[in-house]
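Trainee: Please find the sequence and the predicted model below.
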Amino acid sequence: MRPFLDHIFRRPENRRAWQHAAAVLLAALLLSWPAFYNGFPLLYPDSLSYIAKGSTVARALFLRQFSTDYGLRSVFYSLGILPFHCYITLWPAVALQCLMLAWILWLTVRSFAPRRPVASYLALMFFLSALTSASWFAVFLMPDILGPVAYLAIYLAIFARQTLSRRELAGVLLLGAWSITAHSSHLLVAAAICLLLTVYAAVRRKTEPGALRAVAGAWAIVALAAMAQLAVYSYLEGKLSLTGRRPPFLMARVLADGPGRWYLEQHCGQLQWTVCHHLDAKANNPNLFLWGQGNAYMSSPLSEQRQLEAEEKPLVLAVLHTYPRQQLARSADNFWQQLNSFGMYCCDVNPWLHANVGVAMPRAVEPFLRSREGRGDMHVIPYSHLLIAVVYSSLLVIVLSARLFLGRDAAPLRGLGMIVCSAALANALVTGVIAVVDPRYQSRLIWLVPMLAAICLMHWIGRWRPSAQPAA
């Protein structure tokens, strides 16, 4: 046994591999500190749906025991975390998320070829874990953290492909695709990023030959995710579908914005739609319309929910035809509000979560109620102010570092900057305009801004070599 171990650890490449693996494990542990502080993984009401529906989806896919209801959330995320909790404990699922994020960030840092990659990586991870929202979303049992994972996978596939081994590239493609399938908004944001990068590559095709070919790798991630969604949802639902069932977010949005309500008040006499029976105070707020107590959507029977879902598309098209300017103005305002809404997203006492955590996972009741979140004892508001200050300070650092993005050898940094910027804008557009303005939506990826600022600072202090070296 000892000669075997000596053979492994004496070879320089093996020692480096073990050092890199140890760095990723340490980074994952750093990311997990909010869960240890809380005493339990962080939960959200939607977490219970992802947990509960995992077995339903697995029975349908592997045993052909179909159901009439697979929930309103991503079946891919439900199925992906199922083997890691098995309705016993949620800690392995959180460990999975921390490891995935730590690994994708390791590949990102390494792509810039720092002189001391492990030290630079761990310095960045200490910063992101302590002073950004990255660690909070890593231990949040929701697919939110997988959006940034997917966008960093796109960066690696386009701008750092030469730094990846074949196995790493395959892992990046698969992880990126699964991350996109984990939430419906991820596909839209990823497609928007790839579209922008395609335009950039077309413009720069003379100065950066091969750019268009590199963008094809990112589109492969998006295409793989879209094909998987189309195949699985069509199989489960028995009809061609890219998303499966989803709440009528757009209906709730145009009603709350006003134009939807104006249209129905004028035409409900002729339309005889189900939504016409719900034009009360709840229609002024998307969350109340969809999820609030005594709401129009979730409190209705399944047959009525289906009718509301079917009425969404004709209502939205009619509103855009009748009140285009008014709806566009409301949507622009929602986008701007969402772009500037971020901070701490969690840890408020939620009576519904307390009442239903045992339904989704009976073994989680006692540890959840003992946690700070369960007791309502997190006290995160001062910390939220700190995270917001870090984001705005990071924006200033990025602006002052603008010259770094213009260099001849700055394509990776320029690419990362474009991805972070386009992800933030597209995410605000998708969530604020289609769904609802919620600080959680922007908080889940706003930590990419401090990450980019930290990389710029490392450039300034001379930690990076001029260009990346290909992976062995």
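Mentor: Arrived safely. Numbers count the residues shown, from 1 in each chain.

Trainee: Give me the pLDDT for L308.
Mentor: As predicted, L308 sits at a pLDDT of 92.

Trainee: Check what contacts whichever strand or helix holds it and list those residues.
Mentor: Assigned by DSSP states H and E, L308 falls within helix 302-322. With C-beta atoms under 8 Å, 6 or more residues apart in numbering as the test, helix 302-322 has contacts from 68-69, 245-248, 250-251, 254, 259-260, 263-264, 267, 273-275, 296-298, 300, 327. From N, CA and C alone the C-beta is placed, and that goes for glycine too.

Trainee: can you do 7 Å?
Mentor: With contact meaning C-beta atoms under 7 Å, 6 or more residues apart in numbering, helix 302-322 is reached by 248, 250-251, 254, 259-260, 263, 273-275, 297, 327.

Trainee: before we move on, what about stretch 208-217?
Mentor: If you take C-beta under 7 Å, 6+ apart as the criterion, stretch 208-217 is touched by 157-158, 161, 194, 197-198, 201-202, 204-205, 411.

Trainee: average pLDDT for that stretch?
Mentor: What stretch 208-217 shows for mean pLDDT is 81.

Trainee: got the buried residues for that stretch?
Mentor: Within stretch 208-217, the residues that count as buried by 16 or more other C-beta atoms under 10 Å are 208, 211, 214-215, 217.

Trainee: now the helix or strand Q270 falls within against helix 302-322, angle please.
Mentor: Secondary structure assigned from DSSP H and E places Q270 in helix 259-271. Following axes from the mean of the first three to the mean of the last three C-alpha atoms, to 10 degrees, one obtains 110 degrees for the angle between helix 259-271 and helix 302-322.

Trainee: Following the chain past helix 259-271, name the next helix or strand.
Mentor: With DSSP H and E, the next secondary element past helix 259-271 is helix 286-290.

Trainee: which helices and strands does that next one pack with?
Mentor: Here helix 286-290 touches helix 249-257, going by 3 or more C-beta pairs under 7 Å, 6 or more residues apart in numbering; DSSP states H and E.

Trainee: ok, and what's touching the helix it packs on?
Mentor: 260-261, 275, 283-286, 289-290, 308, 311-312, 315-316, 319, 327, 330, 434-435.

Trainee: any idea of the mean pLDDT in it?
Mentor: On average, the pLDDT along helix 249-257 is 93.

Trainee: Stretch 170-186 now?
Mentor: Mean predicted lDDT for stretch 170-186 stands at 95.

Trainee: May I ask which of the contacts of stretch 208-217 has the most neighbours?
Mentor: Neighbour counts for those, by other C-beta atoms under 10 Å, peak at I158, which reaches 29 neighbours.

Trainee: Check the secondary structure at that one for me.
Mentor: Per DSSP: H, G, I helix; E, B strand; the rest coil, the local secondary structure of I158 is helix.

Trainee: ok, it touching C194?
Mentor: No: I158 is not in contact with C194 according to C-beta atoms under 7 Å; the separation is 8.7 Å.

Trainee: L25: neighbouring residues, count only.
Mentor: Residues lying near L25 (other C-beta under 10 Å) number 14.

Trainee: quick one: contacts for it?
Mentor: L25 neighbours (C-beta under 7 Å, 6+ apart): none.

Trainee: which of the residues in the helix or strand hosting it are buried?
Mentor: For L25, the host element (DSSP H and E) is helix 12-31. Buried residues in helix 12-31, defined by neighbour count with 16+ other C-beta under 10 Å: 20, 23-24, 26-31.

Trainee: Dump these to TSV, plus distance to A52 and pLDDT.
Mentor: Converted to TSV, these look like this (distance: C-beta to C-beta, whole Å; pLDDT from 0 to 100):
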residue	distance to A52	pLDDT
H20	38	89
A23	36	95
V24	31	97
L26	34	97
A27	31	97
A28	27	98
L29	29	97
L30	31	97
L31	26	97
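
Trainee: Farthest-apart pair in those residues, please.
Mentor: H20 and L31 (16.6 Å; C-beta to C-beta).

Trainee: which helix in the chain runs the most residues?
Mentor: In the chain, assigned by DSSP state H, the helix with the most residues is helix 211-237.

Trainee: after the helix holding L25 comes which helix or strand?
Mentor: With DSSP H and E, the next secondary element past helix 12-31 is helix 33-38.

Trainee: Can you find the helix or strand of the protein with the lowest average pLDDT?
Mentor: Within the chain, no helix or strand scores below helix 2-10, which has a mean of 53 by mean pLDDT, DSSP states H and E.

Trainee: list the residues that contact both of I158 and C194?
Mentor: In contact with both I158 and C194: 215, 218, using C-beta under 7 Å, 6+ apart.

Trainee: Now the closest residue to V149 other than its chain neighbours: which helix or strand?
Mentor: For V149, ignoring the flanking residues on the chain, the nearest one in space by C-beta to C-beta, 6 or more residues apart in numbering is S179 at 4.5 Å. Using DSSP H and E, S179 maps to helix 166-181.

Trainee: what's the next helix or strand after that helix packed up against?
Mentor: Sequence order places helix 184-203 as the next helix or strand after helix 166-181, per DSSP H and E. The contact analysis (3+ C-beta pairs under 7 Å, 6+ apart) places helix 184-203 against helix 146-159, helix 166-181, helix 211-237, helix 411-429.

Trainee: closest to K53 out of the ones you listed?
Mentor: Nearest of the helices and strands packed on helix 184-203 to K53, taken as C-beta to C-beta: helix 211-237 at 10.9 Å.

Trainee: thinking again about what came up before, give me the contacts around the helix holding S179.
Mentor: 74, 76, 80, 100, 104, 107, 146, 149-150, 153-154, 156-157, 161, 164, 186-187, 190, 220-222, 224-225, 228-229, 471.

Trainee: so that helix versus helix 211-237, what angle?
Mentor: Using the same axes, to 10 degrees: helix 166-181 against helix 211-237 is 50 degrees.

Trainee: What residues of helix 166-181 count as buried?
Mentor: 168-169, 171-173, 175-181.

Trainee: pLDDT below threshold where in the chain?
Mentor: In the predicted model, the chain carries pLDDT under 70 at residues 1-13, 113-114, 292-295, 345-349, 462-472.

Trainee: Can you pull up the most central residue in it?
Mentor: In the chain, the C-alpha nearest the mean C-alpha coordinate belongs to G147, at 2.6 Å (C-alpha atoms, centre = their mean).

Trainee: residues touching it, list them.
Mentor: G147 is in contact with 183, 186, 189, 444-445, counting by C-beta under 7 Å, 6+ apart.

Trainee: Repeat that for S49.
Mentor: S49 makes contact with 71, 73, according to C-beta under 7 Å, 6+ apart.

Trainee: For the helix holding S179, what is the distance to the chain centroid?
Mentor: 15 Å (C-alpha atoms, centre = their mean, to the nearest Å).

Trainee: What residues sit buried inside the helix or strand hosting V399?
Mentor: Assessed by DSSP H and E, V399 sits inside helix 381-400. Residues of helix 381-400 classed as buried by neighbour count (16+ other C-beta under 10 Å): 383-384, 387-388, 390-391, 394, 397-398.

Trainee: ditto for stretch 299-315
Mentor: Neighbour counts over stretch 299-315 (16+ other C-beta under 10 Å) mark 300, 304-305, 308-309, 311-312, 315 as buried.
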